[in-house]
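just to be clear, the model below is a prediction. Sequence and coordinates:
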Amino acid sequence: MMNKNETLPFDALIKGYILIPKALLTESLNQKESELSYLEAFLMILAKVNYMDNSLTIRGCKINCSRGESLMSFQKWGELFHWKRHKARRFFTKMEKYNLIQVTPTDISGIIRIRVIDYDMWTNKPTDDREKRKTKTDESFDEFWNTYHEVTQTPKREVGPARREWSKLTLRERRLALKQINYYYHSLENTKYIKRGFSYLRDKSFLNE
């Protein structure tokens, strides 16, 4: 059971960003001798991941570590947070659930790759750079996402999971998903039960007659 110090204000994190110098953040967190809160642990991740692409040699193996990523063990993360390893595992599972990070195993035993999702936004990388890298899939998703919420007048939530669902659709399904928004909205007897964009895609409600 989580105590109040383990509660991370996810809504606040997801809705906006602030800029904090990494050197100041790292120094402040390293001075703590007690357990970090979940919020402090997430800030520690932001401070520890790579600011630029790099390669590391771990146990004689060379491995790439990109911008916004870190390569460490759960035990090492636990030491940084002043936690036991099993608590660090639970924390990372929760961070993945809220689409803040991605955790993947590596070929090196015990070493995991942590990637901060939307790291460019956390570090205020110029929007122009992000726009240049946008793929056609990103652009079509943005069109769907904006249109869906304009028509349904629902809050824009769960964009990360919705984007993943979009990437699973075929080109035909994406076209239908966009085309059928108006039909779906006006076919509801009670708009109180309208689905969020993520659920609309996950359930493929655009295929309903």
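Now that the structure is in, tell me what you want to look at.

going forward, measure contacts between C-alpha atoms and count neighbours the same way
Noted.

mind listing what G68 touches?
46, 49-52, 115-117, 119 (CA atoms under 8 Å, 6 or more residues apart in numbering).

can you check the pLDDT for it?
Predicted confidence (pLDDT) for G68: 92.

domains of this protein?
Under the assignment automatic domain parsing, the domains of the chain span 4-122, 134-207.

and the last one, how far from the chain's centre?
Meaning domain 134-207. With CA atoms, centre = their mean, to the nearest Å as the basis, domain 134-207 stands 19 Å off its chain's centre.

next: the longest one.
Its chain's average C-alpha position is 12 Å from that of domain 4-122, according to CA atoms, centre = their mean.

top helix in this structure by residue count?
helix 136-152 (DSSP state H).

buried stuff in that one?
By neighbour count on 16 or more other CA atoms under 10 Å, the buried set for helix 136-152 is 141, 144-145, 147-149, 152.

which ones are touching R85?
R85 neighbours (CA under 8 Å, 6+ apart): 74-75, 77-78.

in a markdown table: those, plus neighbour count.
As requested, the contacts of R85 are exported to a markdown table (neighbours: other CA atoms under 10 Å):
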| residue | neighbour count |
| --- | --- |
| F74 | 19 |
| Q75 | 18 |
| W77 | 20 |
| G78 | 20 |
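
just those now: which is nearest W166?
Nearest to W166 among the contacts of R85: F74, at 31.5 Å, using CA to CA.

thought the closest one was touching K87?
No: counting by CA atoms under 8 Å, F74 stays clear of K87, with 9.2 Å between them.

avg pLDDT for whichever strand or helix holds D120?
Following DSSP states H and E, one finds D120 within helix 119-122. The average pLDDT within helix 119-122 is 83.
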